[in-house]
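>>> what would the 3D arrangement of this be:
(chains A, B, C and D)
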There are 2 protein chains.
Amino acid sequence: MFMDDKQPDNSYPDIQVCACANLRRATRLVTQAYDAALRPVGLRATQFTMLAVLGKRGQMRQSDFADVLGMDGTTLTRNLQPLLKKDWIRIDRDEDQRVRLISLTEPGRALLDTAVPLWREVQGQFQTGLGKTQMTALLSTLSATANVAQPG
Amino acid sequence: MFMDDKQPDNSYPDIQVCACANLRRATRLVTQAYDAALRPVGLRATQFTMLAVLGKRGQMRQSDFADVLGMDGTTLTRNLQPLLKKDWIRIDRDEDQRVRLISLTEPGRALLDTAVPLWREVQGQFQTGLGKTQMTALLSTLSATANVAQPG
DNA sequence: TCCATAAACATGTATATACATCTAAGTATC
DNA sequence: GATACTTAGATGTATATACATGTTTATGGA
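Coordinates of the predicted model:
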């Protein structure tokens, strides 16, 4: 049977059902919306999330911070740098000299305050667009999926 | 009221409900699982997805490829480079000289063939871990969410 | 005390992501 | 047919992501 690359091939699994591909696709599109909403205050979605977690929980060990974010420790090390450069966070030492303690600075907290209404706006758009039922289903299935990926 | 950064603050929205933060967190963890599963054949999750789409649909215009992936055009330009360097894809010109036509090479198709069973394995782990109902709910809510982010 | 091990974080490297902007090529209007 | 406009991609820059590995500090025996 001859087959050239210009023709589709039905022998491959439909990528339509790939959990990872669908997650990554949705995340790209949703992140663009949140990034756009937060652009007026100079924050990216990931940065807003990090500041919001710090605002909510107060000073945290860097390793605990990484766990909460579900972020590799080395990724967090890199992601902290832009926030540090802009003086939105502070890194202190613990008595245990290996440990870094991360906290918001005053400018960081002030920026978070200005960003929260922008977050509410874009979050509300998704809440409205999806409806309460689907939003709840989204958060619930994402949590279940994360738990499958990282049991315990 | 005095408040220092070491203490949590309940005045901030619970990041637990942020669609973007939850998507990004789940995507990080799930991508690590798919990346690990595909590592034996030297593919990342995103690369596998791109090859699988090309395998399924055959030669595509670069802009259509970006649309299907929900990926910014400039991101796709960059993401094609590692695949080109490894000779897994080919880029041809259209009659319209602005257009690039992307297709799998023979090595690319062969690699995809070896990768599919690895994908099936990890995909099956999520299918089993979530159950059919939640997997269906995941794909369905991700699709709805993507549509809210990018109407039309 | 000294050494092995472990824990916490940093660094080298590669990929993934997208906005702002640029270039090349096609289309339309006159 | 020359000029404006539009479309398709590429490039400059910055952030996001994580594996393999390195460094520093703490801990637990021998």
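
>>> and stretch A:100-108, what's buried?
Neighbour counts over stretch A:100-108 (16 or more other C-beta atoms under 10 Å in any protein chain shown) mark A:100-105, A:108 as buried. Every C-beta, even on glycine, is put in place using the N, C-alpha and C of the backbone.

>>> those residues: which ones sit near chain B?
A:103-105 (C-beta under 8 Å from any C-beta of the partner chain).

>>> centroid-nearest residue for chain A?
Of all residues in chain A, the one closest to the mean position by C-alpha atoms, centre = their mean is A:Thr46, 4.6 Å from it.

>>> so that one sits against B:Thr27, correct?
No. In this structure, A:Thr46 is not within contact of B:Thr27 by C-beta atoms under 8 Å, at 11.4 Å.

>>> ok, so of the ones next to chain B among the buried residues of stretch A:100-108, who is nearest B:Ser140?
Of all those, A:Leu104 has the smallest distance to B:Ser140: 37.4 Å, by C-beta to C-beta.

>>> got the contact list for the closest residue to A:Thr114 other than its chain neighbours?
Counting by C-beta to C-beta, 6 or more residues apart in numbering or on different chains, A:Val41 is the residue found nearest to A:Thr114 once chain neighbours are left out, at 5.3 Å. Residues in contact with A:Val41, defined by C-beta atoms under 8 Å, 6 or more residues apart in numbering or on different chains, are A:111, A:114-115, A:118.

>>> if we only consider the residues you listed, which is nearest to chain B?
A:Ala115 (10.3 Å; C-beta to the nearest C-beta).

>>> hang on, the closest one in a helix?
Yes. Counting by DSSP: H, G, I helix; E, B strand; the rest coil, one finds A:Ala115 located in a helix.

>>> count the neighbours of the residue nearest to A:Arg61 when sequence neighbours are not counted for me.
Nearest-residue entry for A:Arg61: A:Val99, 5.6 Å, with adjacent residues in sequence omitted and distances by C-beta to C-beta, 6+ apart. Using other C-beta atoms under 10 Å in any protein chain shown, A:Val99 has 13 other residues around it.

>>> touching, A:Val99 and A:Phe65? I think so.
No. Look at A:Val99 against A:Phe65 with C-beta under 8 Å: they stay out of range, at 11.3 Å.

>>> how close does the closest residue in space to A:Arg44 that isn't next to it in sequence sit to A:Ala45?
Leaving out its chain neighbours, the residue that sits closest to A:Arg44 by C-beta to C-beta, 6+ apart is A:Asp35, at 5.5 Å. According to C-beta to C-beta, to the nearest Å, A:Asp35 and A:Ala45 sit 5 Å apart.

>>> and those two? Which one has more around it.
A:Ala45 (24 against 17).

>>> my guess is that one contacts B:Cys20, does it?
Yes. A:Ala45 is within contact range of B:Cys20, at 4.9 Å (criterion: C-beta under 8 Å).

>>> okay, and the common contacts of those two?
A:31, A:34.

>>> about what we covered before: and whatever helix or strand the residue nearest to A:Arg44 lives in, what does it pack onto?
Per DSSP states H and E: A:Asp35 is located in helix A:19-38. On a contact count with 3 or more C-beta pairs under 8 Å, 6 or more residues apart in numbering or on different chains; DSSP states H and E, helix A:19-38 meets helix A:45-57, helix A:106-149, helix B:19-38, helix B:45-57, helix B:106-149.

>>> same list (those) but as JSON lines, adding mean pLDDT and distance to A:Arg90.
As requested, those are exported to JSON lines (pLDDT from 0 to 100; distance: least, C-beta to C-beta, whole Å):
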{"stretch": "helix A:45-57", "mean pLDDT": "97", "distance to A:Arg90": "10"}
{"stretch": "helix A:106-149", "mean pLDDT": "97", "distance to A:Arg90": "8"}
{"stretch": "helix B:19-38", "mean pLDDT": "98", "distance to A:Arg90": "22"}
{"stretch": "helix B:45-57", "mean pLDDT": "98", "distance to A:Arg90": "35"}
{"stretch": "helix B:106-149", "mean pLDDT": "97", "distance to A:Arg90": "34"}
